[in-house]
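Chemist: A structural model of the following input is requested.
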Amino acid sequence: MRPALVRLHRWIGLATALFLGVAGITGSLLAFKDELEGLINPRLFIVAAIPSAAMIDPLALRDQVQAHFPQARVDQVPFPRPGASARFFLWPRPEAAEASLPALEVDEVFFDPYTGAYLGGRKWGQLLDGGVWRRENIVPFIWRLHEALALPHPWGKLFMGVVALLWTLDCFVGVALTLPSRSPFFARWKPAWTLKPGASTFRRIFDLHRAFGLWCWLLLLVFAWSSVMLNLRTAVYQPLMSQVLRFEDTALRPLAQPDYHPRLSWREAHTIGQALLQGEAARRGFQIHAQDSLWYRPALGAYLYRSHTARDIRSHGAASDVWIDADTGKMIAIHLERDAAMGNLVSEWLRALHTGRVFDPVYRVIVAALGVGVAILSATGVWIWWKKRAARTKAQVATQLNAPGAEELSKQR
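Modeler: Predicted structure coming up:
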């Protein structure tokens, strides 16, 4: 049994080492994604807060963005924080070509929420545009590498999902290989958790590889399985998890055709969303911390009003959602993270732990360190395999040279 596990561990390690190394390093950087964006692109993400001035009404600012980009659909309104720009996402209007409007060259734009000035835009994730280096897309490109190796959708996510599945399996194979086969169990297992003093370079690296994997095993498993969830949710994650946990069907049903012209205005949707969430907060007794955004989803014919509340798992960002029918103004659903079915709750915890959006800021430092650790585990695993392979090859050569007739055979050659 053990030789088979050794071969499986070796095969998985070699097959996934490069990809996990890339995912580890990029994930370490993305733990501080917002800070990196502000550092690399201050002109887009940072604005001077004006103490004596109020921000422009976000819905009015959206109208300005729409006027600035008539060839685009502005299907989202952000509620920016002081000192941060207002970031809008753009989608091409279906009738833009017929109206002879210019092609949409950017899909993410930034405006000053105090003055309404246009700060700039980018084609999200496109690091090279016509051979021109786009500095503003460094962080989005890191995201694309982390999520899908910057491969076309959906093949990149599918590939990284398979890598994550193999990584999850290897978490169990790796720990099984450290378990002692004889008693006393804990006395014999203890050396696997430590570094042997005065050992050779190979032994020190081997001990480091094994001990790091054991000490961080639970967190490594969380990241491996959450990666499966993020990339293979419907194909693998939910079918398996639903065997032991109950999931709510939170998916909204798409329309037969997208509705680009809802009856309900943006301001009406915002008023309804606020009232519904405030009513829910009063009924259940939780606090609303801040508005986050208002979206319109043409494929669903619905508005999504999102806020950060005390029912969110994550410590920053927002996850309290109110869905509103864009024709009738009636509530479709309210989703609060902490009040979801156990399967959905576990999934949201996995997502929050994977993205570093809980226990801020200490946990984000842990996530960044673990990403580097995953890359080191991958590199040391390959190095250990190479050294062992070289040793086996050397031993085989020595055995052949010492075999009867080996010297005569060598002379004949």
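Chemist: mind telling me what element D63 is part of?
Modeler: Secondary structure assignment for D63, by DSSP states H and E: helix 58-68.
Chemist: neighbouring contacts of the next helix or strand after that helix?
Modeler: Per DSSP H and E, helix 58-68 leads on to strand 72-73 as the next helix or strand towards the C-terminus. Defining contact as C-beta atoms under 8 Å, 6 or more residues apart in numbering, one finds that strand 72-73 is touched by 66, 90-93, 96, 104, 260, 298. (C-beta placed from N, C-alpha, C; glycine too.)
Chemist: distance of G329 relative to V322?
Modeler: 12 Å (C-beta to C-beta, to the nearest Å).
Chemist: likewise for V6?
Modeler: Plainly put, V6 is 53 Å away from V322 if you go by C-beta to C-beta.
Chemist: more neighbours: these two, which one.
Modeler: V322 (24 against 12; other C-beta atoms under 10 Å).
Chemist: the more buried one: helix or strand, and which one exactly?
Modeler: Using DSSP H and E, V322 falls in strand 320-325.
Chemist: and W124, what does it touch?
Modeler: 107-108, 137, 140.
Chemist: picking up where we left off before, the helix holding D63 - contacts with which helices or strands?
Modeler: Secondary-structure packing of helix 58-68 (3 or more C-beta pairs under 8 Å, 6 or more residues apart in numbering; DSSP states H and E): strand 76-78, strand 86-89, strand 108-111, helix 266-284.
Chemist: from the chain's centre, how far out does it sit?
Modeler: 30 Å (C-alpha atoms, centre = their mean, to the nearest Å).
Chemist: kindly report the same for stretch 20-36.
Modeler: The chain centroid and the centroid of stretch 20-36 are separated by 9 Å under C-alpha atoms, centre = their mean.
Chemist: what's the answer for stretch 141-157, then?
Modeler: 11 Å.
Chemist: for that stretch, how far is the first residue from the last?
Modeler: Taking C-alpha to C-alpha, to the nearest Å, the first and last residues of stretch 141-157 lie 14 Å apart.
Chemist: how about stretch 83-91?
Modeler: 26 Å.
Chemist: rounded mean pLDDT for that stretch, please.
Modeler: In this model, stretch 83-91 has a mean pLDDT of 93.
Chemist: same check, this time on stretch 159-171
Modeler: pLDDT averaged over stretch 159-171 gives 95.
Chemist: quick one, strands of the chain?
Modeler: Using DSSP state E, the strands of the chain run over 72-73, 76-78, 86-89, 91-92, 108-111, 118-122, 128-129, 132-133, 288-297, 302-309, 320-325, 331-335.
Chemist: okay, these in CSV with distance to L370 next?
Modeler: Below are the strands of the chain laid out as CSV (distance: least, C-beta to C-beta, whole Å):
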stretch, distance to L370
strand 72-73, 39
strand 76-78, 30
strand 86-89, 28
strand 91-92, 36
strand 108-111, 29
strand 118-122, 29
strand 128-129, 31
strand 132-133, 31
strand 288-297, 27
strand 302-309, 26
strand 320-325, 28
strand 331-335, 29
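Chemist: what's the closest of the ones you listed to S226?
Modeler: Shortest distance between S226 and these, using C-beta to C-beta, is found for strand 331-335: 19.3 Å.
Chemist: which positions in that closest one come out as buried?
Modeler: 331-332, 334-335 (16 or more other C-beta atoms under 10 Å).
Chemist: what is the burial count for M1?
Modeler: Neighbour number of M1 under other C-beta under 10 Å is 7.
Chemist: what's the separation between it and L276?
Modeler: On the measure of C-beta to C-beta, M1 and L276 end up 57 Å apart.
Chemist: quick one: contacts for the residue nearest to the spatial centre of the chain?
Modeler: The chain has T355 as the residue nearest its centroid, 5.5 Å off, counting by C-alpha atoms, centre = their mean. Contacts for T355 (C-beta under 8 Å, 6+ apart) come out as 30, 314.
Chemist: quick check: it vs A369, distance?
Modeler: 16 Å.
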